[in-house]
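Participant: my questions are about this predicted structure, shown below with the sequence.
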Amino acid sequence: MVTKSKSVIVTDEVLINKIYLIRGQKVMLDSDLALLYQAQTKVLKQSVKRNIELFPDHFMFELTEVEYESLRSQTVTSKVGRGGARYLPMVFSEYGVLQLSNVLRSGIARQMSIRIIEVFVRLRKMLNENAELRKSFEKLEKRTENNSKNIELVFQYLEELTQKKEDELPRKRIGYKAGR
């Protein structure tokens, strides 16, 4: 008998808020993925360790103490000894998320993996569009900079002309003179 897995509804905003930029990569924490995949973090880590050959460094890596402290201060998580993690968290790139769903082999993990990958792709597209927009602004800024220089030059010439006019001796009037 085939059983249908429950459909999981998670907004893009929730997923985007769980993506961090660490070591120049967009990654997700093991605890966040475990929550999304409806699994325990311990089970997720065990599955990864059993299949570690499937997770090269650009798929998954463990945070350093400094990275973990920085992340904890940003996300305001609990301190060690008060319900905090005993081990440094693992983080997974887009490829690691996909590989993780293959290792966990649950329907929810597969569904959620697809959603997460879609969000990663959407983020990459937005970043590319923003890069193009930034380049356009830089071009416009250069043009504006040149225009500003030209305007300054025009004002400088006007100032020189008015200065020359003031320095000249009064000239004798020519032409029709009324009242003589």
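Facilitator: Now that the structure is in, tell me what you want to look at.
Participant: Ser106 and Tyr37 touch, don't they?
Facilitator: Yes. Between Ser106 and Tyr37 there is a contact at 6.8 Å, judged by Cβ atoms under 8 Å. Every C-beta, even on glycine, is put in place using the N, C-alpha and C of the backbone.
Participant: backbone phi and psi for Tyr20, please?
Facilitator: phi -120, psi 160 (degrees, to the nearest 10).
Participant: scratch that, Pro56
Facilitator: phi -70, psi 170.
Participant: gap between it and Phe92?
Facilitator: 12 Å (Cβ to Cβ, to the nearest Å).
Participant: okay, the two: which has more neighbours?
Facilitator: Phe92 (24 against 13; other Cβ atoms under 10 Å).
Participant: from Ile22, how far off is the residue nearest to the spatial centre of the chain?
Facilitator: The chain has Leu127 as the residue nearest its centroid, 6.8 Å off, counting by Cα atoms, centre = their mean. If you measure Leu127 against Ile22 using Cβ to Cβ, the figure is 16 Å.
Participant: next: Ser31.
Facilitator: Taking Cβ to Cβ, one finds Ser31 at 14 Å from Ile22.
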